[in-house]
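Enquirer: Attaching a predicted model along with its sequence, questions to come.
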Amino acid sequence: MAGRWKRPNWVCAAALCAGVASAVTAAPVLAGQARQDPAAAVRDRPAEDEVIYFLLPDRFANGDPANDRGGLAGDRLRTGYDPADPGFYHGGDLRGLTERLDYLQGLGVTALWIAPPFVNKAVQGPPGHESAAYHGYWITDFTRIDPHFGTNDEFRALVDAAHARGMKVYLDIVINHTADVIRYRECPANDCGYRWKGDYPYQRRGGLEGEPINPGFSGEPGSDFSTLTRPDYAYTPYTPAGEETLKVPAWLNDVGLYHNRGNSAWYSEARMDGDFSGLDDLFTEHPRVIQGFIDIYGSWIDDYGVDGFRIDTARHVNPEFWQVFVPAILERARARGIPNFHIFGETYDFQSGAAAMHTVVDGLPTVLDFAYQRTVQDMVTGVRRPDAMGYLLMEDAIYAGGVETARRLPTFTGNHDMGRIGHLILNALPDISDAELLDRSALAHAMVVLGRGVPVIYYGDEQGFTGDGDDRRSRQDMFETRTPSYADDRRIGRAAGPFDTNADMYRRIAEMTRVRAADVRLRRGRVAVRIADQTPGILAISRLDDDGETLVVFNTSTEARDVNVPVETGSSGWRALLGRCPSRAAAPGAVSVSLPALGYIVCVSEG
């Protein structure tokens, strides 16, 4: 049923389920590619061909209840496990994910982006405000899978199973920080504010009048780090008793390899050198840190054959780090036989110029396209008009590598930090009907799957999840939830229960991904903006290559629209890939199309 999600019957029609299971076990064959061994096809496929599915293992599927507490004993403040609390572990794991690959392949997914699965500090936070590391971003051991999620062998089994289906596996990696372990003697409550370099320079202890230390050390990239002998220039850092060797590899336990300036103030130098809400901020200018992370993450390529990295908090790391790390990792991947290793950084900036800077200055191959997300969000909620996307796409040339790089930028409707697109729509339009909520959500996903860039589906969106906001309020359980605030969420469209392949959003997204797979121009073609209205209405783009043209038209209006779209003069005959398309052009260089309210079509030129 549409509307509020109560306690449904967790079944789908047997014939349908069986049909889906049998249909999706074969690896997808994309248009323009010869059929070949699925595992080999993984290596050959360029990044722009993927449909990425982003998930938090803890919230996806519980394949082994025995690991729910991560092998720890005690209450939830020891084990981190409390499935009724959105801030604690709920039981999902890698075995559960492996068992659901059929479901993902049926959706059209070709690459899994997995939130950090490494060993984390299970619980952090001051008394009364504790939460658990179910999300994976509080790492203590960068070499092992967290026992809450399984084992390294189970991770290997997941990668092998995905590759056998022609699916890639991307790891979410963290470099900016580790778990919150280091303390400062000056603030027993662990609430130190940022201490600025001008007030607390590296060559004085505890301020301008302090004793001279670290002679000649500036802290800049390329400094002689052998002169950094004392880390107590701003605060006096120490590792609490019992945690001196908590981090792995062992070099991470050296407090001198961290900035140690207190919690970030989120601007100027503090954006780079401050602790990320208490998380220990690494001295990424230090050669030992640079080589250490090349070794850590290079080993996950060498040992498991992962296909890409999403880099968390990339904008909080100095550019010089990426200028060394990225080439080394790409070379490591090539040596492992992975020529299309996909690296994309999280820069969390809604201006395309700021995002592009990280490709030009830092040398990041690609970044998550937050500007595209915000434009899609604003278009489907009526905040901005189609011309906003027209202007955004005109800026693609500013990325390092130009428009070819822009075609590899991962695009998305929402995520685990900002919230789901369903919530963002409801926040702007709280009184819309269930039918309109479904259409607007589908339109947003169409702009991502059928638009420019590499689409990312946020887990659960295909089941109509909305959520109540950002962060933990957008991290629902795919399995039957025991969290009250998740159970009463408004749902988009109809869904019969977890992993329902007949859910309205699942079927609509699967249709989009099939169309994308069927047309190479939707993945790799040049982008030409044909129409971008300044009122709620039409956005039309063509994807072009030497063989022809594919036209994608979106209608952001709540009224049906008829529109004449300029196209290539040689595009005279047309066929529909999605929706209704005319068979012939209305005149050389123009085609007449009709779209339903909040609808979209894909038309292919037949010459």
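Expert: Sure thing, it's come through. Residues are numbered from 1 along each chain as shown.

Enquirer: distance of Gln337 from Tyr200?
Expert: Actually, residue 337 is Gly rather than Gln. Computed with Cβ to Cβ, to the nearest Å, the distance linking Gly337 and Tyr200 is 48 Å. In short, each C-beta sits where N, CA and C put it, glycine included.

Enquirer: More neighbours: the two, which one.
Expert: Ranked by neighbour count (other Cβ atoms under 10 Å), Gly337 and Tyr200 place Tyr200 first, with 21 against 9.

Enquirer: residues contacting the more buried one?
Expert: Each residue near Tyr200 by Cβ atoms under 8 Å, 6 or more residues apart in numbering is listed here: 206-208, 233-234, 261.

Enquirer: State the mean pLDDT of the helix or strand containing Trp113.
Expert: If you go by DSSP states H and E, Trp113 is part of strand 111-114. Taken as a whole, strand 111-114 has a mean pLDDT of 98.

Enquirer: Could you pull up phi and psi at the closest residue to Pro287 other than its chain neighbours?
Expert: Nearest-residue entry for Pro287: Phe225, 6.4 Å, with adjacent residues in sequence omitted and distances by Cβ to Cβ, 6 or more residues apart in numbering. Main-chain dihedrals, Phe225, degrees, to the nearest 10: phi -70, psi -10.

Enquirer: what's the answer for Leu539, then?
Expert: Taking degrees, to the nearest 10, you get phi -120, psi 120 for the backbone angles of Leu539.

Enquirer: likewise Asp281?
Expert: Note on Asp281: its backbone torsions stand at phi -90, psi 120 [degrees, to the nearest 10].

Enquirer: List the residues that contact it.
Expert: By Cβ under 8 Å, 6+ apart, the contact list for Asp281 reads 176-177, 258-259, 261, 264, 273-275, 316.

Enquirer: and if we set it to 6 Å?
Expert: Contacts for Asp281 (Cβ atoms under 6 Å, 6 or more residues apart in numbering) come out as 177, 258-259, 275.

Enquirer: Looks like Asp180 contacts Ser277 (just checking).
Expert: No: here Asp180 does not reach Ser277: they are 8.4 Å apart, not a contact under Cβ atoms under 6 Å.

Enquirer: on that earlier part again, for Ile492, see how far away the residue nearest to Pro287 is.
Expert: Noted for Phe225: a distance of 52 Å to Ile492, by Cβ to Cβ.

Enquirer: my guess is Ser594 contacts Asp562, does it?
Expert: Yes: when contacts are counted by Cβ under 6 Å, Ser594 is listed as touching Asp562 (4.9 Å).

Enquirer: out of those two, which sits in the more crowded spot?
Expert: More crowded of Ser594 and Asp562, by other Cβ under 10 Å: Ser594, with 16 against 9.

Enquirer: The more buried one belongs to a helix?
Expert: No: counting by DSSP: H, G, I helix; E, B strand; the rest coil, Ser594 falls outside a helix, being strand.

Enquirer: roughly how far is stretch 432-450 from the heart of the chain?
Expert: 20 Å (Cα atoms, centre = their mean, to the nearest Å).

Enquirer: contact partners of that stretch?
Expert: 2-3, 376, 380, 411, 413, 421-422, 425, 455, 492-493, 504, 508-509, 512, 516, 552, 598, 600.

Enquirer: I'd like to know which of those residues are part of helices.
Expert: Mapping the contacts of stretch 432-450 onto helices (DSSP state H) picks out 376, 380, 421-422, 425, 504, 508-509, 512, 516.

Enquirer: Make CSV out of the residues you listed and add distance to Gly548, neighbour count and pLDDT.
Expert: Shown next, in CSV, are these (distance: Cβ to Cβ, whole Å; neighbours: other Cβ atoms under 10 Å; pLDDT from 0 to 100):
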residue, distance to Gly548, neighbour count, pLDDT
Val376, 26, 29, 98
Val380, 29, 27, 98
Ile421, 32, 29, 98
Gly422, 36, 28, 98
Ile425, 35, 25, 98
Asp504, 32, 21, 98
Arg508, 26, 20, 98
Ile509, 26, 25, 98
Met512, 20, 25, 98
Arg516, 16, 26, 98
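
Enquirer: Which secondary structure state does the closest residue in space to Ala590 that isn't next to it in sequence sit in?
Expert: The shortest distance from Ala590 to any non-neighbouring residue, by Cβ to Cβ, 6+ apart, is to Asn564 (5.2 Å). When classified by three-state DSSP, Asn564 comes out as strand.

Enquirer: Which strand residues bridge Asn564?
Expert: Beta-bridge pairing of Asn564 under DSSP bridges involves Ser592.

Enquirer: and what of Pro410?
Expert: Counting by DSSP bridges, Pro410 is bridged to Val454.

Enquirer: Can you tell me how far it is from His316?
Expert: Separation of Pro410 from His316 (Cβ to Cβ): 19 Å.

Enquirer: cool, and Ile175?
Expert: Look at Ile175 and His316: by Cβ to Cβ, they are 9 Å apart.

Enquirer: Over to Leu279?
Expert: Distance of Leu279 to His316, given as Cβ to Cβ: 10 Å.

Enquirer: One more: Met379?
Expert: With Cβ to Cβ as the criterion, Met379 and His316 are 30 Å apart.

Enquirer: ok, now Phe225?
Expert: 20 Å.

Enquirer: Looking at these two, which one has more neighbours?
Expert: His316 (22 against 18).

Enquirer: who touches that one in this structure?
Expert: His316 makes contact with 176, 272, according to Cβ under 6 Å, 6+ apart.

Enquirer: pLDDT wise, what is it at?
Expert: With respect to pLDDT, His316 has a value of 98.

Enquirer: how much space between it and Trp322?
Expert: Distance from His316 to Trp322, by Cβ to Cβ: 12 Å.

Enquirer: what's the answer for Arg584, then?
Expert: The gap separating Arg584 from Trp322 is 51 Å, by Cβ to Cβ.

Enquirer: So which of the two has more stuff around it?
Expert: In this view Arg584 and Trp322 are compared by other Cβ under 10 Å, and Trp322 has more residues nearby, 25 against 11.

Enquirer: Which residue lies closest in space to the more buried one, excluding its sequence neighbours?
Expert: In this structure, Trp322 finds its nearest non-sequential neighbour in Asp362, 4.2 Å apart by Cβ to Cβ, 6+ apart.

Enquirer: how many other residues sit next to that neighbour?
Expert: Other residues within reach of Asp362 by the criterion other Cβ under 10 Å amount to 23.

Enquirer: Would you agree it is in contact with Val324?
Expert: No: counting by Cβ under 6 Å, Asp362 stays clear of Val324, with 10.9 Å between them.

Enquirer: Sort out which residues of stretch 251-263 are buried, please.
Expert: 252-253, 255, 257-263 (16 or more other Cβ atoms under 10 Å).

Enquirer: Please apply the same query to stretch 168-186.
Expert: By neighbour count with 16+ other Cβ under 10 Å, stretch 168-186 contains the buried residues 168-184.
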